[in-house]
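Peer 1: Sequence first, then the predicted structure:
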Amino acid sequence: MSVLPMLETSASQGCCPPLSARALDPQVAGELAPLFKALSDPIRLRLLSLIAASDEVCVCDLTDAFDVTGATISHHLRVLREAGMVEARRVGTWAYYRLRAEALDLLGGLLSTGSAASSRLPAPSVTALPAADHGSQGPAISANPDVVRLLGDPLRAQIVQILAEGPATTSHLVADTGAKQPNVSGHLKLLREAGVVSAESRGRYTYYRIVPDALQGAALHLADLAAQARATADEFRSL
């Protein structure tokens, strides 16, 4: 079983402050990205919530909760286990899964927002660009895992970290990340469509800023799962 080593060290040492407090270096972003990727699939996100609802869950119960094959469930559980989100033990012929609450604590802390960051915006008046249409959908990650999935890409995660320090243009982001302009623009488009980033036209320039509620929704959902796991830590299911 492969488990990300940073879960064993970073959480206890406070290596990962909120994005609004300090940008992560590329190595740490690369280490965190697999956790977000693990939660980017709706089946895996629901699996994690089912596991978090009890101290331990038999794989047999998890399989019965989905209209997919047992092999599919086993694959998704393996992804969650290798990302360090869950751990398993075998009892006879069955495997029992338990949430690793420290993993959710780490992601929840990373996505939490603090006080407003200093702005790089110049003085000219603001003309808001039209935002992507999401209907009545709110920022809650429990209904839409787009935020977590998007942050699974190291460059997008780095862009979000930079924008958490204050609004910036594409040129700023290209200079700060060292990525090519088309790549940065493509990632900004995806972040805007998911409601994570908004854009403002100021004179000849377009500035991008973080939408705090989008990150806060993800952080609150992860924190709720961690709290639920702690509250049900001694509630073993009967065999």
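Peer 2: Structure received.
Peer 1: Just the buried positions in stretch 232-239, please.
Peer 2: By 16 or more other CB atoms under 10 Å, stretch 232-239 has no buried positions at all. Using the backbone N, CA and C atoms, a C-beta is placed for each residue, glycine as well.
Peer 1: Excluding chain neighbours, give the residue nearest to residue 70 in space.
Peer 2: Leaving aside its chain neighbours, residue 70 sits nearest to residue 63 (4.8 Å; criterion: CB to CB, 6 or more residues apart in numbering).
Peer 1: what sits against residue 181?
Peer 2: 170, 174 (CB atoms under 8 Å, 6 or more residues apart in numbering).
Peer 1: Just the pLDDT for it.
Peer 2: pLDDT for residue 181: 84.
Peer 1: That one and residue 189: what is the separation?
Peer 2: Per CB to CB, to the nearest Å, residue 181 is found 13 Å from residue 189.
Peer 1: next one: residue 55
Peer 2: Separation of residue 55 from residue 189 (CB to CB) stands at 42 Å.
Peer 1: Could you check which of these two has the larger neighbour count?
Peer 2: Using other CB atoms under 10 Å, the more surrounded residue of residue 55 and residue 189 is residue 55, with 18 against 13.
Peer 1: can you tell me how far the more buried one sits from residue 201?
Peer 2: Plainly put, residue 55 is 52 Å away from residue 201 if you go by CB to CB.
Peer 1: And for residue 169, nearest residue in space, chain neighbours not counted?
Peer 2: Per CB to CB, 6+ apart, closest to residue 169 is residue 205, 5.2 Å.
Peer 1: and that neighbour, backbone torsions?
Peer 2: Main-chain torsions, residue 205, degrees, to the nearest 10: phi -120, psi 150.
Peer 1: Looking at the chain, which helix is longest?
Peer 2: In the chain, assigned by DSSP state H, the helix with the most residues is helix 212-231.
Peer 1: Show me which residues of that helix are buried.
Peer 2: The neighbour-count check on helix 212-231 (16+ other CB under 10 Å) flags 212, 214-223, 225-226, 228-229 as buried.
Peer 1: Pull the most distant pair out of the residues you listed.
Peer 2: Maximum pairwise distance among those (CB to CB): 25.6 Å, between 212 and 229.
Peer 1: Residue 183 in helix, strand or coil?
Peer 2: The three-state assignment at residue 183 reads helix, by DSSP: H, G, I helix; E, B strand; the rest coil.
Peer 1: how about low-confidence regions in this structure?
Peer 2: By pLDDT under 70, the low-scoring segments of the chain are 1-17, 20, 113-146, 148, 239.
Peer 1: Relative to its centre, which residue of it is most distant?
Peer 2: residue 92 (34.6 Å; CA atoms, centre = their mean).
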